[in-house]
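> everything below, folded, please.
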Amino acid sequence: MTDSQATAAPLGTNPTAPAPEGARTAADVVTPELIAQLTRDVVGAGRTANHTPLTGEKLADLPESTPEDVATAFERARTAQVAWARTPVKQRAAVLLRFHDLVLQRQAEVLDLIQLETGKARLHAHEEIQAVAVAARHYGRKAPAYLGPKRHTGVVPVLTKVTENRQPRGVIGQIAPWNYPFELSIGDALPALVAGNALVMKPDTETCLTALWARDLIIEAGLPSEVFQVVLGEGPVVGPELVKHADYVSFTGSTRTGREVAQGAAARLVGVSLELGGKNAMLVLHDADIDKAAAGAVRACFSSAGQLCISIERLYVHEAVADRFVERFAERAKAMRLGKSLAYGADMGSLVGERQLETVTRHVEEAVAKGATLVAGGVARPDIGPYFFEPTILDGVEAPMAVCTEETFGPVVSIYRFTDENEAVELANATPYGLNSSVWTKDSSRGRKVAARLRTGTVNVNEGFAPAYGSVQSPMGGMKDSGLGRRHGSEGILKFTEAQTVATQRIMPLAPSFGLDDEKYAAFMSTSLKVMKAFRLR
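All right, here's what the predicted structure looks like:
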């Protein structure tokens, strides 16, 4: 789209993307029939509702679950889990592969729901389609290998035969956030389900239609409906009840709430995985390609309006290239088209609600009041929708400005200049968070060396977050206050299982036998241990 095609906006603000002719509306998408279909199995007799941030209007009336409803959901899931766990893993994996195909065939349906519930641009909504499809394909292909019996060397080779089995934990309790309601609901559920567990999910109420659509689709792909239960309600009411009943808890959300979830799980001695907050840094080294880095910064900072745990909020730029980088980054940020249509064409959408808008506004206004320079953005756009805020770049940010250390979770990034690479690494690591980071340089080897010094669970060289997150054979998660455990890869599925070792002893026991007394048996074992070391047995 050319500049002339973009709708004129107030002076000094981002242009708006025009709505294409015949674009669908919320009423076209969220029909009474769809609501009835998606909520038919939700356990809850109360009533609540969700809303679209694009206009602030109500989307749907919904069931609301009580603590007793949560207990009922777990009872149903626990009963169904027994038969599901007995289903051969290849058959369980085949459900994921069919689900993969259905997602791609019917993506337009869920793209509309994601946009309506989160306010994000359609291209950013499609990132969720990509992530879920990749995860479904990966675990659909690799689950039998991840979960199959493993042979290990016994304490005495030949005499001791050892097999490691993987048993499902039982019923997984999953608390999913609002910002990526497709990927962080069903995307995290896939490995839990294929591992033979049942699942009770509490999605965020404001984005639950997306999660319920995903549940509906995987049931169509062959998952028994009772295996996957959904409860809805306020986090402080429903969340603790979910932790109270689960055999393992999967949580994505804030660090503060994550601590509470971990404490509740620890009190019951059940496992937990947590992906929490971040204050992610991007390092632009002196030899970086400035144009590519500026374009990459737009993706890294403003995807889903910055409401992404792994998006960039701190930009460290070498002094030698800082002015050129800031100029080109600002040009790109100011040219971004804001829009709310259920169609491609907008570069950025809305914040999700009033709370996010208040945080973003507070961080920007306080920073400017304390001396920071507004390079781009910095203003709300109620002319587009109630929670739109322009992509914002701040220069000259210093402590104790809140935006310097607190997670903003919005389209706001701060620029910091450095002269020494060691200094940049030290500054990037100077945060209690450790989720994601990014390094830009023309020297890939150098980039990887710098990456290894950063204390984050994922690091991307010459991109913001997508390569590490999308490489699902590798683990993804946070260090420090950014969480516990990992999603993706072997760790992302084995965490939903219990390891069981079965050892079979043959020919002779591990005790004095064949006429050996204690002393001779001890001497025999000592000699055997020396021989095993000599033969480099592990």
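
> surely residue 352 is in a strand?
No - checked against DSSP: H, G, I helix; E, B strand; the rest coil, residue 352 lies outside a strand; its state is coil.

> so who does it touch?
When contacts are counted by C-beta atoms under 8 Å, 6 or more residues apart in numbering, residue 352 touches 53, 118-119, 178-179, 206, 307, 387. Every C-beta, even on glycine, is put in place using the N, C-alpha and C of the backbone.

> one more time with 10 Å
51-53, 117-120, 178-179, 204, 206-207, 304-305, 307, 387, 409-410 (C-beta atoms under 10 Å, 6 or more residues apart in numbering).

> and for residue 197?
Counting by C-beta under 10 Å, 6+ apart, residue 197 touches 77, 81, 84-85, 167-172, 189, 191, 227, 247-248, 496-497.

> now, which of the residues you listed lie within strands?
167-168, 171-172, 248, 497 (DSSP state E).

> including distance to residue 510, neighbour count and pLDDT, could those residues go into a markdown table?
A markdown table is the format used below for these (distance: C-beta to C-beta, whole Å; neighbours: other C-beta atoms under 10 Å; pLDDT from 0 to 100):
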| residue | distance to residue 510 | neighbour count | pLDDT |
| --- | --- | --- | --- |
| 167 | 25 | 14 | 98 |
| 168 | 31 | 22 | 98 |
| 171 | 37 | 25 | 98 |
| 172 | 37 | 29 | 98 |
| 248 | 34 | 22 | 98 |
| 497 | 28 | 20 | 98 |
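
> tell me the one of the residues you listed nearest residue 212?
residue 172 (17.5 Å; C-beta to C-beta).

> hang on, that closest one packs against residue 250?
Yes - here residue 172 reaches residue 250: they are 6.1 Å apart, a contact under C-beta atoms under 10 Å.

> overlap in contacts of the two?
What both residue 172 and residue 250 touch, as defined by C-beta under 10 Å, 6+ apart, is the set 188-189, 191-192, 199, 201, 271, 273, 495-496.

> may I see the buried residues of the helix or strand hosting residue 244?
Element membership for residue 244, per DSSP states H and E: helix 235-245. Buried residues in helix 235-245, counted by 16 or more other C-beta atoms under 10 Å: 235, 238-239, 241-245.

> and the helix ranked longest in the chain, average pLDDT?
Assignment by DSSP state H gives helix 122-147 as the longest helix of the chain. For helix 122-147, mean pLDDT is 98.

> tell me who's in contact with residue 349.
By C-beta under 10 Å, 6+ apart, the contact list for residue 349 reads 17, 53-54, 115, 118-125, 304-305, 307, 338-341, 384-385, 387-388, 411.

> pLDDT of stretch 443-460, averaged?
For stretch 443-460, the mean per-residue pLDDT is 98.

> what residues sit buried inside that stretch?
Neighbour-count burial for stretch 443-460 [16+ other C-beta under 10 Å]: 447, 450-451, 454-460.

> next one: stretch 21-29
Going by neighbour count (16+ other C-beta under 10 Å), the buried part of stretch 21-29 is 26, 29.

> roughly how far does residue 159 sit from residue 503?
For residue 159, the distance to residue 503 (C-beta to C-beta, to the nearest Å) stands at 10 Å.

> quick one on the thing from earlier: now flag whichever of the shared contacts of residue 172 and residue 250 is closest to residue 346.
residue 188 (27.3 Å).

> list the contacts for the closest one?
Contacts of residue 188 by C-beta under 10 Å, 6+ apart are 132, 135, 172, 174-176, 180, 199, 201, 250-252, 273, 275, 487-488, 492, 496.

> retrieve the pLDDT associated with it.
Looking at residue 188, the pLDDT reads 96.

> swap in the one 5 residues further on?
Taken from the predicted model, the pLDDT recorded for residue 193 is 98.

> count the neighbours of it for me.
25 (other C-beta atoms under 10 Å).

> isn't it right up against residue 186?
Yes - Residue 193 is within contact range of residue 186, at 9.2 Å (criterion: C-beta under 10 Å).

> mind listing what's buried along stretch 512-527?
512, 521.

> now it, how far from the centre of its chain.
Distance of stretch 512-527 from its chain centroid, counting by C-alpha atoms, centre = their mean, to the nearest Å, is 55 Å.

> next: stretch 476-485.
11 Å.

> ok, stretch 507-514 next?
Remark: stretch 507-514 is offset 52 Å from the chain centroid, using C-alpha atoms, centre = their mean.

> same thing with stretch 501-515?
47 Å.

> and what of stretch 470-485?
9 Å.

> for that stretch, measure first residue to last.
This stretch, stretch 470-485, spans 17 Å end to end (C-alpha to C-alpha, to the nearest Å).

> hmm, back to that, please pick the buried ones from the shared contacts of residue 172 and residue 250.
Buried among the shared contacts of residue 172 and residue 250 by 16+ other C-beta under 10 Å: 188-189, 191-192, 199, 201, 271, 273, 495-496.

> ok, those residues vs residue 421, which is closest?
After measuring those against residue 421 - C-beta to C-beta - the closest member comes out as residue 273, at 33.6 Å.

> how far away is the closest one from residue 441?
33 Å.

> re the thing from before, joint contacts of residue 193 and residue 186?
Common neighbours of residue 193 and residue 186 (C-beta under 10 Å, 6+ apart) are 99, 199, 218, 228.

> the last one contacts residue 221, correct?
When you say that, I think you mean residue 228. No - counting by C-beta under 10 Å, residue 228 sits too far from residue 221 to count as a contact (11.2 Å).

> of these two, who's got more company?
More crowded of residue 228 and residue 221, by other C-beta under 10 Å: residue 228, with 25 against 18.

> any idea what the more buried one is bridged to?
residue 199 (DSSP bridges).
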